[in-house]
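A.B. asks: fold the stuff below for me.
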Amino acid sequence: MIVLTKLNNQPVLLNCMQIEAVELIPESKVVMMNGKFYLVKESAEEIIEKTIEYNGRVHCYDADR
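C.D. replies: Predicted coordinates:
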């Protein structure tokens, strides 16, 4: 799970394995595999970095390689 910030400054935890797409409109619209979406303050790059960090912790690999 990654923590993102909704537009009303409330944190939301999302299962990054269920993210289907991220649209930039200009905020980030995170579209989930079930069709639901979340508008968040983080950029696409930040979402990618959080996902890489999460996967590194789960799968025990070094993200600096």
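
A.B. asks: what about the strands in this protein?
C.D. replies: 2-5, 11-14, 19-24, 28-32, 37-40 (DSSP state E).

A.B. asks: could you dump the ones you listed to a markdown table with mean pLDDT?
C.D. replies: As requested, those are arranged in a markdown table below (pLDDT from 0 to 100):
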| stretch | mean pLDDT |
| --- | --- |
| strand 2-5 | 98 |
| strand 11-14 | 98 |
| strand 19-24 | 96 |
| strand 28-32 | 98 |
| strand 37-40 | 98 |
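
A.B. asks: out of the ones you listed, flag the one nearest residue 50.
C.D. replies: With Cβ to Cβ, the closest approach to residue 50 among the strands of the chain belongs to strand 2-5: 4.3 Å. Placement of C-beta: from N, CA and C, glycine included.

A.B. asks: name the residues that touch that closest one?
C.D. replies: 11-14, 16, 30, 38, 40-42, 47, 50-51, 54 (Cβ atoms under 8 Å, 6 or more residues apart in numbering).

A.B. asks: mind listing what the residue positioned nearest the centre of the chain touches?
C.D. replies: Centroid check for the chain by Cα atoms, centre = their mean gives residue 47 as the closest residue, at 4.0 Å. Residues in contact with residue 47 (Cβ under 8 Å, 6+ apart) are 2, 4, 19, 22, 28, 30, 40.

A.B. asks: change it to 7 Å
C.D. replies: By Cβ atoms under 7 Å, 6 or more residues apart in numbering, residue 47 lies in contact with 4, 22, 28, 30.

A.B. asks: quick one on the thing from earlier: among the strands of the chain, which is nearest residue 59?
C.D. replies: strand 2-5 (14.6 Å).
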